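Participant: Pasting a predicted model and its sequence here:
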2 protein chains.
Amino acid sequence: MGSNGIDDLSLDSIRQTLVGLEDTIVYSLIERSKIARNSPAYENVTFLGFHGSLMDHLIQGAEAVQSLGGRYQSPEEVPFFPNDLPPSLVNRPNCSQELPAAAASVSVTRNISDFYVNQFLPLLVPKGDDGNYALSVSSDLVCLQALSRRIHFGKFVAEAKFRNDTEGYSAAIRANDRTTLTNLLTDENVEAMVKQRVAKKAMIFGQDVTLDDSNNSTDFKVDPALVSRLYDEWVIPLTKVVEIEYLLRRLD
Amino acid sequence: MGSNGIDDLSLDSIRQTLVGLEDTIVYSLIERSKIARNSPAYENVTFLGFHGSLMDHLIQGAEAVQSLGGRYQSPEEVPFFPNDLPPSLVNRPNCSQELPAAAASVSVTRNISDFYVNQFLPLLVPKGDDGNYALSVSSDLVCLQALSRRIHFGKFVAEAKFRNDTEGYSAAIRANDRTTLTNLLTDENVEAMVKQRVAKKAMIFGQDVTLDDSNNSTDFKVDPALVSRLYDEWVIPLTKVVEIEYLLRRLD
């Protein structure tokens, strides 16, 4: 995945990345669904001069560590807490996947953590508080980073579509015409297929696997309909926001 | 999971936890297998006074952040870098899963990171260097923490078995008789079943899911035989080391 990007910006290779990220997202949701809600981890408090939730605090810390390893040198990665990230200790050898600078700055991480914590998580996890907040938050971080990669990959989708129809997009961009951009970007058949496929993945990856073949269980670890809804209500619309914001800055 | 432990130390609930961790391990291996080997992340160097690999450095940092969230207050969690972990910012409300103190200190994390980096990883991942070391190391961390939870859960397995046959185990413990302990702990039928089941999970969770039902693919994301081998060569033997070390300190 790290070697994709603008070097290999065919819609086909982008599609492969997005399909792979569906698996990543489904696995991560299944893992988070095993842990209790642990609400106190999401309530705003003040720790050692940091105001926010324990989740925010731990995610900011984890991102700082990953930044030392060069995570945010990749244009595929958008941090939730971009301020004061420490510089990378390493140089990426193949850091060739550049996007236009202004356009690359598009970020919807606030929208992602907001829908995830306040709307999606209560639907995903069992009620309760087992006190192991670090475990639930590291599991949240895996979910949030996978969702963020998927949604911000919209920049590469938009770039590829722009290259395929530069004239059509340029006219709409210059006119600041979001409706036309939305229409150009939307393919309802593909969206319907994606929603069906992620539900199927939730069924296959979320089944209880036993050695005898009495796999008559319809009891999946994560409700397939909820994974479809995640894509329908949040992932697909936010990807479109990323695509449109990217395109509106594309000619700057 | 967090609410299991000594409160609910039936072999049946322990078995459920171990089976659930099989899924976690298989998902995490599939995710790591998508990323290149990225060898430089595992070579020893000196950064800012820290001698070790970039992986070590990033894992130590990630554990410090998770320690602030209370991760290592749970007896199910054993850090790879236990020195100088910061104290937790939160108090666990239900921290009732205690193990005998001396016995709880058993750790095989060095063996785990050693076999993982030097023996297992080269078999799991494609060759190459995409420069995104932070991404591969965060994926390693998920694998390593899942393997560590699974292997160190041997303490709970050993405790439950000890309670079911306190006399038998106590005699062998007092005689420091590792052979008898190994025999008491080993059930070859169960081990064979576990190895078969994890291979089946690699097949089911590692298939390409498409909407048409032409699922004739035998091309799995992670080789099912490699997952069996992981359990056969490393997970099961190291779990037994944990069980025996735990028991040898059980009467202290």
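Facilitator: Thanks, I have it.

Participant: what about the helices in the stretch 151-252 of chain A?
Facilitator: Per DSSP state H, counting those that start in this stretch, the stretch 151-252 of chain A carries helices over the ranges A:154-164, A:166-174, A:178-185, A:188-205, A:224-229, A:236-250.

Participant: To residue B:124, which of these lies closest?
Facilitator: Closest to residue B:124 of the helices of the stretch 151-252 of chain A is helix A:188-205 (Cβ to Cβ; 19.0 Å). No exception for glycine: its C-beta is placed from N, CA and C like everyone else's.

Participant: And that closest one, what does it pack against?
Facilitator: Helix A:188-205 sits against helix A:11-33, helix A:224-229, helix A:236-250, helix B:188-205, with contacts defined as 3 or more Cβ pairs under 8 Å, 6 or more residues apart in numbering or on different chains; DSSP states H and E.

Participant: can we see that at 10 Å?
Facilitator: helix A:11-33, helix A:224-229, helix A:236-250, helix B:11-33, helix B:188-205 (3 or more Cβ pairs under 10 Å, 6 or more residues apart in numbering or on different chains; DSSP states H and E).

Participant: List the buried residues for that helix?
Facilitator: A:194, A:195, A:197, A:198, A:199, A:200, A:201, A:202, A:203, A:204, A:205 (16 or more other Cβ atoms under 10 Å in any protein chain shown).

Participant: quick one: it to chain centroid distance?
Facilitator: Distance of helix A:188-205 from the chain centroid (Cα atoms, centre = their mean, to the nearest Å) equals 16 Å.

Participant: residue closest to the middle of chain A?
Facilitator: residue A:147 (1.8 Å; Cα atoms, centre = their mean).

Participant: give the contact list for the nearest residue to it once chain neighbours are set aside.
Facilitator: Leaving aside its sequence neighbours, residue A:147 sits nearest to residue A:112 (Cβ to Cβ, 6 or more residues apart in numbering or on different chains; 5.6 Å). Residues in contact with residue A:112 (Cβ atoms under 10 Å, 6 or more residues apart in numbering or on different chains) are A:78, A:80, A:120, A:143-145, A:147-148, A:150-152, A:234-235, A:238.

Participant: re the thing from before, thought residue A:230 was touching the residue nearest to the centre of chain A, still the case?
Facilitator: Yes. With contact defined as Cβ atoms under 10 Å, residue A:147 and residue A:230 form a contacting pair (8.4 Å).

Participant: shared neighbours of the two, which are they?
Facilitator: What both residue A:147 and residue A:230 touch, as defined by Cβ under 10 Å, 6+ apart, is the set A:25, A:29, A:115, A:116, A:120.

Participant: ok, the closest residue to residue A:90 other than its chain neighbours - contacts?
Facilitator: The shortest distance from residue A:90 to any non-neighbouring residue, by Cβ to Cβ, 6+ apart, is to residue A:70 (5.0 Å). When contacts are counted by Cβ under 10 Å, 6+ apart, residue A:70 is found next to A:77, A:87-92, A:95, B:41, B:54, B:131-135, B:137.

Participant: Okay, and residue A:51 sits in which element?
Facilitator: strand A:50-52 (DSSP states H and E).
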